[in-house]
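Participant: After the sequence you'll find the predicted model.
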Amino acid sequence: MSEQSVLSFPSLPLPYFLESGKTHYMPGESHPNRRNLGVFDLILVQRGCLFLGEEDLQWALRAGDMAVLMSDAHHYAVQKCREETSFYWLHFQSAAPSTGDHATISHNIKLPRQGHIPYPEQAYQLFDSLHLQATEPRSTAFWREQTLFIELLELLDPSRSDQEQSRVRKVAEQVESYIKMHYREPISNARLSTDLHFHYNYLTRCMKASHGVTPTEYLLQYRLDQAKRLLLTTKWSMARIAEHVGFQYPPYFSRRFSARFGLSPLQFRKQYTE
């Protein structure tokens, strides 16, 4: 699957569910034309064939096929339905991805732009469960809807059904857990490799694929995030905080903190605690 055929959403903040439903077309009916809908539109066909286009892309979606329509694109019917066609639809929103040193430590939720999903019956059941929530009071339905939506995203994520991707993710999670347990200690590439029983190059590949950063970058980000928490919750000196989170040299800690958050540690403390 090419990079262009997969949408990648940041997991934090999570994409969130807005509304869903089910539509039934008779032969001769077709999907409406829309432009700049403002929300992502996930479509899953249960029966028949839906002829759908987006900009210069055109699809014939059959039972078990899905497509995600972009929020700012032109969607249209390629042709009218030739047979009775039923499909589920779901509108959702997502924050724009973050980039650079200011990015939150996270991983990406991946959705195919279009394709046949591996477990369509499970997806149909999740959609039906979402539909039932529409009859519940809004105050009680909200959290259940979001939970069902995340379950659906997990089911549709192509990386979760790929054995190699599963191994890569497992190794990356081992690196993540190790760093969280030992971030206050000196952690070298050699130590990671020895303690986790993988060559450092492989650990790097797994972390880049799963988390978008190398182990060294993840360690730095995690240390800085812990330092930020201590700046807000303690009156410790900059030197003590730097040492506590694993930096040997306070000036280096200050430079890296400023590079990531746009403020020196002292400026950050003053801005948010005074």
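Facilitator: Yep, it's here. Numbers count the residues shown, from 1 in each chain.
Participant: and the gap between His31 and Thr216?
Facilitator: As judged by CB to CB, to the nearest Å, His31 and Thr216 stand 48 Å apart. C-beta coordinates here come from the backbone N, C-alpha and C atoms, glycine included.
Participant: The two - which one has more neighbours?
Facilitator: The neighbour comparison of His31 against Thr216 (other CB atoms under 10 Å) goes to His31, with 23 against 16.
Participant: OK, contacts around the more buried one?
Facilitator: 25, 50-52, 75-77 (CB atoms under 8 Å, 6 or more residues apart in numbering).
Participant: What count of nearby residues applies to the closest residue to Tyr249 other than its chain neighbours?
Facilitator: Spatial nearest neighbour of Tyr249, excluding adjacent residues (CB to CB, 6 or more residues apart in numbering): Ala242 at 7.5 Å. For Ala242, the neighbour count with other CB under 10 Å is 24.
Participant: swap in the one 4 residues further on?
Facilitator: If you count neighbours by other CB under 10 Å, Gly246 ends up with 20.
Participant: Quick check: it vs Ala227, distance?
Facilitator: For Gly246, the distance to Ala227 - CB to CB - is 9 Å.
Participant: just Arg240 next, same as before
Facilitator: 11 Å.
Participant: And for Thr214?
Facilitator: For Thr214, the distance to Ala227 - CB to CB - is 20 Å.
Participant: and what of Ala63?
Facilitator: Ala63 is 53 Å from Ala227, by CB to CB.
Participant: Compare the two and say which one has the larger neighbour count.
Facilitator: A side-by-side neighbour count of Ala63 and Ala227, using other CB under 10 Å, places Ala227 first with 26 against 16.
Participant: In this structure Leu219 contacts Ile187, no?
Facilitator: Yes. With contacts counted by CB atoms under 8 Å, Leu219 reaches Ile187, the gap being 5.9 Å.
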